[in-house]
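> Task: produce atomic coordinates for the following.
(one chain, ligands or ions: 2)
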Amino acid sequence: MRTSSEIIEDFLARGWKSNPFEKLIPLLHNEHNQLLPFALQVMERVPKGGTFFDLTLSYITEAEFSVVLEEAIRRLRSGPSDVCDSVVAYASLQLPRLLTAHLRELYLLRPNSGTYYEEWPWRAADNREIEWLKNAVKSRADKQAWRCLVETRRPEALLFAAQHFQVALNSSDSFVAYAHMAGFDLSGPSPRKLHSDTAYHMIFASGYFDASARPAWLQHENHPTWAPRCETATPANFGGNANGTCAHCEGPLHRLIHIENTRAVLDVRLPAIELCTCLSCLGWETPELFFRHDETGRASPYITAQAKGAPEFPAVGLKSGSVTLVPATPRWNFQDWALANGRENLNRIGGAPSWIQDAQYCSCPQCGRLMSFIAQLDSNLPTAEGGEWLWGSGGICYIFWCDPCAISGNLWQCT
Ligand SMILES: [Zn+2]
Ligand SMILES: [Zn+2]
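Numbering: from 1, shown residues only. Ligands and ions are numbered 1, 2, ... in the order given. This is a model prediction of the structure:
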């Protein structure tokens, strides 16, 4: 077993050829007491950081993360630092409450400046911080404070930001895109949240994935989101074909997931829901697909007036198997596609979507209302024929729901 300082010495001497991941993984699982010293030493000696440092952050406890964060802020006072920026970015996803007491200082230090996650620490803003931001917007039309207010994801802060949109930005952009990124529809009389608060990870049966093709740092056992501990898991059936045919190509419908006890995981009126798509058509023949659901949850295509034809990229369904839906601990309630960097389980029911591009909620084809996000599936799922499924170049499929109409919709994004 290597010690944490040997890993750093090797890395400084030989770079990535020293295989830092291979040496780090046994520490993650068996030598927890080495992780905090390792993280602090990386901050001291490898200012650019690295993905092995990011992975370590997923394994340290909240108390240890707090120590790492204090050290990151202390170092940021002397100047910008990539590794310290990483600490703030991952804290804002995993443990935002650690940031609440530091927000005023982070506002001045501006770690991650210019990135799309620069304002994420303000997800942890309390009422006092929100008042301070509102004052900054009112008194000096402070754009940064305005963006932080949106990222608080609080309805009252969003309404304030909407009222001060022109003042703060002096722009002809629409506020709608900002509201959607924050997870709210502001078109009605009061803000409506577009996703649930609780996320559930889809945990696949052992052997479902072919582990032999993955490097060590992408093995599922090396990230806690792939195997969370839980006593209250909800079973569901994954992949395979569904009854019915695609309205575009007339090929078989592909089942994504069939949840037989929907109310255990989502606030919807149907007791069961079978979520489907057509892997041949979605994103290639049509940007979105919609399905009606009967009282048992079974899906049939919602027919829109579009030309039929043979798909350019005919596809088979996803490999069928059973999954359990396990509530995400608060640490993994928010997950980001880019910051996950291929390591995390982004196959989720509920919670906030991990957008790759701008927020893109489907509108219900029947009532026109914005649909709620209910699930997402990552790329690299096995197909029925032994391949690996990619959404586009390796993106995420997002699944939406209109509860009054019992209609689901889906689309995918990639880089
Ligand atoms: Zn089709
Ligand atoms: Zn509707």
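
> residues from this structure in reach of ligand 1?
Applying CB under 5 Å from the ion, one finds that the chain approaches ligand 1 through 246, 248, 249, 278, 280, 281. Where C-beta positions appear, they are placed from N, C-alpha and C, glycine not excepted.

> got the contact list for the residue nearest the centre of the chain?
By CA atoms, centre = their mean, the chain has its centre lying nearest to residue 354, at 2.8 Å. Counting by CB atoms under 8 Å, 6 or more residues apart in numbering, residue 354 touches 335, 336, 337, 340, 346, 348, 376, 396.

> now these: which count as buried?
335, 336, 337, 340, 346, 348, 376, 396 (16 or more other CB atoms under 10 Å).

> Among the contacts of residue 354, which one sits closest to residue 76?
Distance to residue 76 across the contacts of residue 354 (CB to CB) is lowest for residue 336, with 20.8 Å.

> Flag every residue of the stretch 301-415 of the chain that's near ligand 2.
Counting by CB under 5 Å from the ion, the stretch 301-415 of the chain sits next to ligand 2 at 364, 366, 367, 402, 405.

> In terms of helix, strand or coil, where does the last one fall?
State at residue 405, reduced to three classes by DSSP: H, G, I helix; E, B strand; the rest coil: coil.

> ok, and the most crowded of the residues of the stretch 301-415 of the chain next to ligand 2?
Counting neighbours by other CB atoms under 10 Å, the top entry in those is residue 402, with 23 neighbours.

> what's near enough to touch the residue lying closest to that one once chain neighbours are set aside?
Leaving aside its sequence neighbours, residue 402 sits nearest to residue 364 (CB to CB, 6 or more residues apart in numbering; 3.8 Å). Going by CB under 8 Å, 6+ apart, residue 364 touches 290, 370, 371, 402, 405, 407, 409.

> How about the contacts made by the closest residue to residue 318 other than its chain neighbours?
Closest residue to residue 318 apart from its sequence neighbours, by CB to CB, 6+ apart: residue 239 at 3.5 Å. Taking CB under 8 Å, 6+ apart, we find residue 239 in contact with 254, 255, 256, 257, 317, 318, 319, 320, 321, 381, 384.

> same thing but 10 Å
204, 208, 254-258, 317-323, 377, 381-384, 389 (CB atoms under 10 Å, 6 or more residues apart in numbering).

> sec struct for residue 244, please.
strand.

> And residue 38, by the same measure?
Secondary structure state of residue 38, per three-state DSSP, is helix.

> Surely residue 6 is in a helix?
Yes: secondary structure of residue 6 (three-state DSSP): part of a helix.

> and residue 403, how many neighbours?
16.

> for residue 301, same thing?
Neighbour tally, residue 301, other CB under 10 Å: 18.

> try the one 10 residues further on
A count of nearby residues for residue 311, using other CB under 10 Å, gives 19.

> Ok, residue 237 next?
Neighbour number of residue 237 under other CB under 10 Å is 15.

> Report the distance from stretch 385-398 to the chain centre.
In terms of CA atoms, centre = their mean, to the nearest Å, the centre of stretch 385-398 is found 16 Å from the chain centre.

> Can you report the mean pLDDT over the residues of it?
For stretch 385-398, mean pLDDT rounds to 96.

> can you start the count at 249 instead of 1 from here on
With 249 as the first residue, the last one maps to stretch 633-646.

> Now residue 391. Its backbone dihedrals?
Main-chain torsions, residue 391, degrees, to the nearest 10: phi -70, psi -40.

> My guess is it contacts residue 366. True?
No: Residue 391 lies out of contact with residue 366 (CB atoms under 10 Å); the separation is 11.9 Å.

> Please say which of these two ends up with more neighbours.
Of the pair residue 391 and residue 366, residue 366 is the one with more neighbours under other CB under 10 Å, namely 21 against 15.
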